[in-house]
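Q: this is a predicted model, with the sequence first.
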Amino acid sequence: MDRRLKEVGALSYISTDVFDGNFWTYTVTNGPAPQFERIGTLVAVAGASPTNCPAGTVLRENGKKLYPGVHGKNVKTYMVGVYCYSGSAETMFSGFINPNDPMFSPYNSDRPYFQPDSVYTSDNLTKNLGSSVYTLGQVTSAGEVVSSGQLRCSTVTALGTTAAETLDVSKGQVFTLSTARSVTITPSNMVAGAQVFLIVTGGGTHTVTFGTNMKGLGTISATVDQVFTLHFICDDTHLYEVSRTAAFTDII
């Protein structure tokens, strides 16, 4: 192995938010006699600001670690030493972060430390910001979810054609109903904050009625080929109708 690669931290992180308030320098001083207790202190990294510590900054481990109970009472959680380049002048900053803080995310580290950040292969100019996520599990966030594209559920669930249909909120956001007969809809598996969009297509002179725990703006009378859309939001117990359209006039 090239000696330049030894003792170099393997892990990297990318900031998902401004992080100057979570970027620390660790210093040690000696207390008064006769104990001369060594006191470790965390202070903000000098010169760090929202401008030069923005979201999208890549931070690389430098091999230093801080441990609670080892590095003094001011260190209350595991921390890692990192360095980063930021700003138009590519100023280098170094300090300590909590790698599990919500403004940091793991970043691919499969490259020698002396090479520049990887770029998007489509244009070879845009800096890569992080890996995609493909999961069968649940994604839960205590903060904002911000996207430059759509945040959407790709599942469309068709309700059946019986006189009593259950709308299972856990199956997605978009539901369709073709009225082969008059029907009463009752929701299930509701969770706070869930949004439901219902597309109703008339299959005859039938009505759509809302059942228990579904608070709507009245029944819908859908004649042949009439289409309505409805929007609901959930408070964990009920589905409340937010809005609905009149029957669309432009039907192909």
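A: Happy to help now that I have it. Numbering: from 1, shown residues only.
Q: what residues are up against the residue nearest the centre of the chain?
A: Centroid-nearest residue in the chain: residue 145, 4.2 Å away (criterion: C-alpha atoms, centre = their mean). The neighbours of residue 145, taking C-beta atoms under 8 Å, 6 or more residues apart in numbering as the test, are residue 151. Quick note: C-beta positions are derived from backbone N, CA and C, even for glycine.
Q: which secondary structure state does it sit in?
A: Put simply, residue 145 is coil when judged by DSSP: H, G, I helix; E, B strand; the rest coil.
Q: does residue 102 touch residue 15 like I think?
A: No - checked against C-beta atoms under 8 Å, the pair residue 102 and residue 15 is beyond contact range at 10.5 Å.
Q: neighbour count: those two, which is higher?
A: residue 15 (25 against 12; other C-beta atoms under 10 Å).
Q: how much space between that one and residue 105?
A: Residue 15 sits 8 Å away from residue 105 when distances are taken as C-beta to C-beta, to the nearest Å.
Q: with residue 145 instead?
A: Look at residue 145 and residue 105: by C-beta to C-beta, they are 13 Å apart.
Q: again with residue 77
A: Applying C-beta to C-beta, the value for residue 77 to residue 105 is 17 Å.
Q: okay, those two: which has more neighbours?
A: Set side by side, residue 77 and residue 105 show more neighbours around residue 105, with 14 against 11, by other C-beta under 10 Å.
Q: and the next element down the chain from the host helix or strand of the more buried one?
A: Per DSSP states H and E, residue 105 falls inside strand 104-107. Downstream of strand 104-107, the first helix or strand assigned by DSSP H and E is strand 156-158.
Q: residues contacting that following strand, please?
A: Outside of strand 156-158, the residues within contact range by C-beta under 8 Å, 6+ apart are 168, 171-172, 174-178.
Q: flag the helix or strand of the chain with the lowest per-element mean pLDDT.
A: Ranked by mean pLDDT, DSSP states H and E, the weakest helix or strand in the chain is strand 38-44, scoring a mean of 84.
Q: how many residues are close by residue 74?
A: Neighbour tally, residue 74, other C-beta under 10 Å: 14.
Q: of the contacts of strand 156-158, buried ones?
A: Among the contacts of strand 156-158, the ones that count as buried by 16 or more other C-beta atoms under 10 Å are 172, 174-175, 177-178.
Q: in CSV, list those residues along with distance to residue 208 and pLDDT.
A: CSV is the format used below for the buried ones among the contacts of strand 156-158 (distance: C-beta to C-beta, whole Å; pLDDT from 0 to 100):
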residue, distance to residue 208, pLDDT
172, 19, 92
174, 16, 97
175, 12, 97
177, 7, 96
178, 11, 94
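Q: residues near residue 188, how many?
A: By the criterion of other C-beta under 10 Å, residue 188 has 12 neighbours.
Q: I'm done for today, thanks for sticking with me.
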